[in-house]
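**Student:** structure for this input, please:
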Amino acid sequence: MEVTDRVQVVAHGWEIARVVEPIYELKADTVVLILPKDEEYVADFEHEMIADLQSTDRLHVEIREARLYDLDSALQAFTQAVKDHEDDDVYINVSSGTQIAGIAGMMAAQTSDAVPFFVQHTPADPGADEVPTPDEPVIEHAGPIAELPVFELDGPSTEQLRILGFLYGMEGATKKELIAFAEDEQLPFIADTEAESTEGRYRLLESHVIDPLTDGGYVAVEKVGREKVVSISDRGIDALAAFPLDPETVVAAGDEDDHHFPSLTPSDEPTPWSDRDPPGGSSDNSTPFSDRKPD
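**Tutor:** Take a look at the predicted model:
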């Protein structure tokens with residue numbers, strides 16, 4: 001049986017920890033370092049980092065070059081690295097490098113099976129109560145403006161989102177309840193079928209809604225007694241925010257007072273700075289979105 005390598009692709013970015021530590025933590029076999037074409041942009045400490053990586057016996061290091069402030073050049077470098085290792089498990093570190101390099105890395109991952117990841121910053125003094133802020137702007141002058149391409153993200157279909165909206169705020173629903181909801185709201189997988197038997201409608205619910213939502217991690221199916229109960233997952237709640245329902249769909253999904261629907265569209269009025277939580281305060285933003293529960 002052929003064994004695949006674990007490959008990490010990462011761009012130069014005047015740092016070491018967020019480049020090197022994931023290499024060892026995720027047990028990479030090969031590292032593809034994308035450096036700027038002009039070697040003057042590579043710092044002395046980065047040359048030392050590269051030498052250390054190359055001296056590691058179990059690690060293979062590939063060096064590639066790109067113009068990391070040019071999207072086309074950076075994207076070509078990332079996509080070629082992924083293509084050259086298409087038979088391996090490829091991970092793209094989008095933490096370091098220019099913002100353009102990070103965007104290029106995400107785009108390369110979207111068009112392949114590569115897995116992107118981001119390494120968060122850690123304060124120099126983890127015990128510090130406050131994160132230091134600069135006295136002056138980090139970037140002093142603006143350069144040329146470049147338009148970026150937009151990729152459409154795949155998510156649940158409209159009828160699948162309506163099922164998620166129905167499940168939101170509930171402890172779960174039986175498949176019979178989901179079919180009744182689909183019939184009441186004339187969801188296409190029910191309205192456009194000629195199947196009249198109960199068994200046929202259950203099969204349509206499974207193939208058009210339950211199976212794809214389960215495969216995507218948007219719902220969980222659990223057997224309770226003699227029935228199977230479908231409940232929305234944290235990822236399903238995230239999907240309702242990422243792929244908003246229109247107002248008619250929210251109303252169709254049920255009584256908002258009963259379901260406690262999340263805000264599915266951003267507020268028209270931004271929160272004034274004076275009303276926002278200060279850095280290091282007890283803002284709810286400190287809780288990861290995936291860990292939050294409906295009110």
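**Student:** can we go C-alpha only for contacts and neighbour counts from here?
**Tutor:** Noted.
**Student:** show me what the longest helix anywhere in the chain is packed up against.
**Tutor:** Under DSSP state H, the helix in the chain containing the largest number of residues is helix 71-84. Applying 3 or more C-alpha pairs under 8 Å, 6 or more residues apart in numbering; DSSP states H and E, we find helix 71-84 packed against strand 60-66, helix 99-110.
**Student:** and if we set it to 10 Å?
**Tutor:** If you count contacts as 3 or more C-alpha pairs under 10 Å, 6 or more residues apart in numbering; DSSP states H and E, helix 71-84 packs onto strand 6-11, strand 30-36, strand 60-66, strand 89-93, helix 99-110.
**Student:** where's it relative to the chain centroid, distance-wise?
**Tutor:** 20 Å (C-alpha atoms, centre = their mean, to the nearest Å).
**Student:** that one to strand 6-11, inter-axis angle?
**Tutor:** Taking axes from the mean of the first three to the mean of the last three C-alpha atoms, to 10 degrees, one finds that helix 71-84 is oriented at 170 degrees with respect to strand 6-11.
**Student:** what is the mean pLDDT for helix 71-84?
**Tutor:** On average, the pLDDT along helix 71-84 is 92.
**Student:** mean neighbour count, mean pLDDT and distance to Glu171 for the helices and strands packed on helix 71-84 - can I get that in JSON lines?
**Tutor:** Listed next are the helices and strands packed on helix 71-84 as JSON lines, based on neighbours: other C-alpha atoms under 10 Å; pLDDT from 0 to 100; distance: least, C-alpha to C-alpha, whole Å:
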{"stretch": "strand 6-11", "mean neighbour count": "25", "mean pLDDT": "96", "distance to Glu171": "40"}
{"stretch": "strand 30-36", "mean neighbour count": "22", "mean pLDDT": "96", "distance to Glu171": "45"}
{"stretch": "strand 60-66", "mean neighbour count": "16", "mean pLDDT": "95", "distance to Glu171": "50"}
{"stretch": "strand 89-93", "mean neighbour count": "23", "mean pLDDT": "96", "distance to Glu171": "36"}
{"stretch": "helix 99-110", "mean neighbour count": "22", "mean pLDDT": "92", "distance to Glu171": "33"}
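**Student:** would you reformat these as CSV and include distance to Ile23?
**Tutor:** Shown next, in CSV, are these (distance: least, C-alpha to C-alpha, whole Å):
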stretch, distance to Ile23
strand 6-11, 7
strand 30-36, 8
strand 60-66, 11
strand 89-93, 9
helix 99-110, 16
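**Student:** show me the contacts for Trp98.
**Tutor:** Not Trp; residue 98 is Thr. By C-alpha atoms under 10 Å, 6 or more residues apart in numbering, the contact set of Thr98 is Ala11, His12, Gly13, Trp14, Leu68, Tyr69, Asp70, Ala74, Ala104.
**Student:** okay, now the unreliable bits of the stretch 101-250 of the chain?
**Tutor:** Filtered on pLDDT under 70, the stretch 101-250 of the chain yields the residue ranges 123-132, 138, 150-153, 195, 244-250.
**Student:** fine, thanks again, bye for now.
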